[in-house]
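[1] Fold the following.
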Amino acid sequence: MSTLYQTFNDKDGLFLAIVHRKAESLFSEIESTRAFSMPLEAGLMVFAEMLMNTLHTPDVIAIHRIFIGEGRRFPALRRALFEKRAALIDKLARYLRDRLCDETISMAQAELAARQFIALVWLDVDDGLASGQMRALRARRRREICAAAVTTFLRGARPTQATRRKRS
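    This next block holds a predicted model:
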């Protein structure tokens with residue numbers, strides 16, 4: 001027991017290390033997805049499905065509950081989770097910016113666009129699962145939500161006629 005306390009100082013330190021390690025592995029799975037090397041629509045769908053499936057894991061649901069319920073008590077945990085989320089948003093924003101080069105989408109703020117896309121995928125699902133208000137969705141329903149998020153996002157992201165004329 002003394003070895004644990006030498007390494008982690010106390011139970012809170014051990015708890016933070018466990019949650020941080022689990023969050024790290026979950027975020028790294030999403031960050032390493034092949035989606036970011038694919039064409040826009042297909043890549044967004046793969047990313048959305050990976051995100052949606054990750055949200056449905058018991059570990060993510062538990063981490064989200066802890067984050068909401070204990071975030072003030074564990075500022076290091078809150079900071080670590082926000083940093084991981086920011087890195088994921090940055091990676092998605094870079095992917096969207098790369099697609100700007102081929103004029104697939106037209107957006108001044110790729111980071112905001114990345115945040116909005118993630119919100120389309122997980123907003124209701126994440127809160128519903130974490131609060132216990134919703135049970136895990138079947139795979140078919142998850143795919144439907146992801147496809148709707150991609151369609152809605154791309155509808156808003158495509159360049160308008162006025163944007164195309166400005167570029168010409």
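
[2] Go through stretch 117-133 and flag the buried ones.
    For stretch 117-133, the neighbour count (16 or more other CB atoms under 10 Å) marks Phe117, Ile118, Leu120, Val121, Trp122, Val125, Asp126, Gly128, Leu129, Ala130 as buried. C-beta here means a position set from N, CA and C on the backbone, and glycine is covered the same way.

[3] again, but for stretch 88-98
    Here stretch 88-98 shows Leu88, Ile89, Lys91, Leu92, Ala93, Tyr95, Leu96 as buried, counting by 16+ other CB under 10 Å.

[4] Reformat the residues you listed as TSV; add secondary structure.
    As requested, those are exported to TSV (DSSP: H, G, I helix; E, B strand; the rest coil):
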residue	secondary structure
Leu88	helix
Ile89	helix
Lys91	helix
Leu92	helix
Ala93	helix
Tyr95	helix
Leu96	helix
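
[5] Need those in TSV (columns: distance to Val150 and pLDDT).
    Formatted as TSV, these follow (distance: CB to CB, whole Å; pLDDT from 0 to 100):
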residue	distance to Val150	pLDDT
Leu88	17	88
Ile89	17	90
Lys91	17	90
Leu92	13	92
Ala93	16	90
Tyr95	13	92
Leu96	13	91
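
[6] isn't Gly71 right up against Ala80?
    No - checked against CB atoms under 8 Å, the pair Gly71 and Ala80 is beyond contact range at 10.9 Å.

[7] what about those two, which has more around it?
    Using other CB atoms under 10 Å, the more surrounded residue of Gly71 and Ala80 is Ala80, with 17 against 14.

[8] Distance of the more buried one relative to Arg141?
    31 Å (CB to CB, to the nearest Å).

[9] Then Pro58?
    Relative to Arg141, and taking CB to CB, Pro58 is found at 18 Å.

[10] of these two, who's got more company?
    Set Pro58 next to Arg141 and count neighbours by other CB under 10 Å: Arg141 wins out with 12 against 9.

[11] coming back round to it: from the buried residues of stretch 117-133, pick the one nearest Asn9.
    Ala130 (28.3 Å; CB to CB).

[12] Using the three-state scheme, assign that closest one.
    At Ala130, secondary structure determined by three-state DSSP is helix.
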